[in-house]
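K.L.:
Okay, here's the prediction I keep looking at, along with the sequence it came from:
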Amino acid sequence: MSPRAPRWVSASPKEIATRRAVMARDAGLRRISSVTRWLAVGVIGLSGALALVASNAFHGRTVSNASASTPATIAPVTPSSGGLSPAAVTPTVTPSAPVVVSGGS
């Protein structure tokens, strides 16, 4: 091996400052990446927990079948009783050109 001085000894103060700045930047990027990752995991977990709480707090409504047990109480609808009756003529579709309006004046 050749007798060489360590790299940091032969570096100029400007190179040392640049390396320190780059290392500080890289460390900061790693930190913010880690914080962002943990924050995303926390938000997803909190969202799931709130969804679980909301689903337990607001139950769906149950439909009671009380009217199904007594179907005879509902009176049948007949034309003589004033109820609805079917139409005498079935409506038909007539072709027409579409109406296009442009401008506002």
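P.N.:
Sure thing, it's come through.

K.L.:
what ranges of the protein fall below the confidence cut-off?
P.N.:
Within the chain, the stretches with pLDDT under 70 are 1-9, 62-83, 104-105.

K.L.:
could you pull out the helices for it?
P.N.:
7-10, 13-57 (DSSP state H).

K.L.:
I'd like the ones you listed laid out as JSON lines, including mean neighbour count and distance to Ser96.
P.N.:
Quick note: C-beta positions are derived from backbone N, CA and C, even for glycine. Converted to JSON lines, the helices of the chain look like this (neighbours: other C-beta atoms under 10 Å; distance: least, C-beta to C-beta, whole Å):
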{"stretch": "helix 7-10", "mean neighbour count": "8", "distance to Ser96": "86"}
{"stretch": "helix 13-57", "mean neighbour count": "10", "distance to Ser96": "49"}
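
K.L.:
Tell me which of the ones you listed lies nearest to Gly103.
P.N.:
helix 13-57 (47.6 Å; C-beta to C-beta).
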